[in-house]
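Asks: Here is my input, please return the structure:
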Amino acid sequence: MAEVENKQVKSRRDAMVERLKGRYPEKEFVDDEAIYGQIYDDYDNYDNDIEGFKEREASLVDLFNKNPSAARFITDLAKGEDPWIAVIKRLGIDGITDLLNNPEKQEEYAKANADYVENLGKETALEDEYNANLSESLALLERIQGEKQLSDEQMDAAYALITKIANEAIMGKFSEETVNMALNALNHDTDVENARAEGAIAGKNAKIDEKLRKADEGDGMPMSGSGNSTKAQRPVGYNIFAEARGAN
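Replies: You can find the predicted model right below:
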């Protein structure tokens, strides 16, 4: 008789939890509240994204309806067409020349060209600054790696995290993981300082307790001091109640 293999079939709930853990590995989905809470947040984000897509799509459709040539130009670019070739194909060399020589548009063209030159200069300056800063940053990473004796994999992971945060800042869309990491980083110094203070206090208390314990236990020898001090002359194990009973 052929052996029947029992295959375990995942429930929809288990499959959803596995999917959520893959998407949010830093979270623990231990109960339905956490699971459905994350699903609700995801749907909320999806709705916001879709609404944004619809608004941008409506803006493009309105632009293309007002200027069909713009739609054709964008279509050419989407197909990988060279921008200048796309313009020439749509307007022709003569059309471009006539457009540039239009007296009514010359002032606007001159301003647009001035803006282009200014932006080009800014881009060049930013690129030079970026290259200089990057060289300094790479030297900094190399120094930190040497001082902390970190592996290449650890430094690559740190660099990837920095890049991820920078990209999220540029795009204006932060993940919950990034926000939590930032909050943990802000609280780290305070937590360390509190731990040090608590450790110092605990150490001082331990020393005080040790001194008091030794003072209570004594060393079995009479303590130096006034001759009238009865307590100082009492041996270890002295019991005032036993002495009172003996007196009776």
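Asks: tell me which element the residue most central in space within the chain falls in.
Replies: Nearest to the mean C-alpha position of the chain, by C-alpha atoms, centre = their mean, lies Thr178 at 2.6 Å. Assigned by DSSP states H and E, Thr178 falls within helix 176-217.
Asks: pLDDT-wise, which helix or strand of this structure ranks last?
Replies: Averaged element by element with mean pLDDT, DSSP states H and E, the chain has its least confident helix or strand at helix 230-233 (a mean of 48).
Asks: quick one, helices of this structure?
Replies: 12-23, 32-66, 68-78, 83-100, 103-148, 152-171, 176-217, 230-233, 240-247 (DSSP state H).
Asks: what angle sits between the first one and helix 32-66?
Replies: On the basis of axes from the mean of the first three to the mean of the last three C-alpha atoms, to 10 degrees, helix 12-23 is oriented at 70 degrees to helix 32-66.
Asks: what is the mean pLDDT for helix 12-23?
Replies: For helix 12-23, the mean pLDDT works out to 88.
Asks: Please parse this protein into its domains.
Replies: 119-174, 177-209 (automatic domain parsing).
Asks: Tell me which of these sits nearest to Arg12.
Replies: domain 177-209 (25.7 Å; C-beta to C-beta). C-beta coordinates here come from the backbone N, C-alpha and C atoms, glycine included.
Asks: And the average pLDDT for that closest one is what?
Replies: 68.
Asks: same thing with stretch 93-103?
Replies: Rounded mean pLDDT across stretch 93-103 is 81.
Asks: what's next to it, contact-wise?
Replies: 87-88, 91, 105-106, 109 (C-beta atoms under 8 Å, 6 or more residues apart in numbering).
Asks: now what about stretch 172-185, what contacts it?
Replies: 24, 26, 161, 164-165, 168.
Asks: so how far is stretch 144-151 off the chain centroid?
Replies: Distance of stretch 144-151 from the chain centroid (C-alpha atoms, centre = their mean, to the nearest Å) equals 22 Å.
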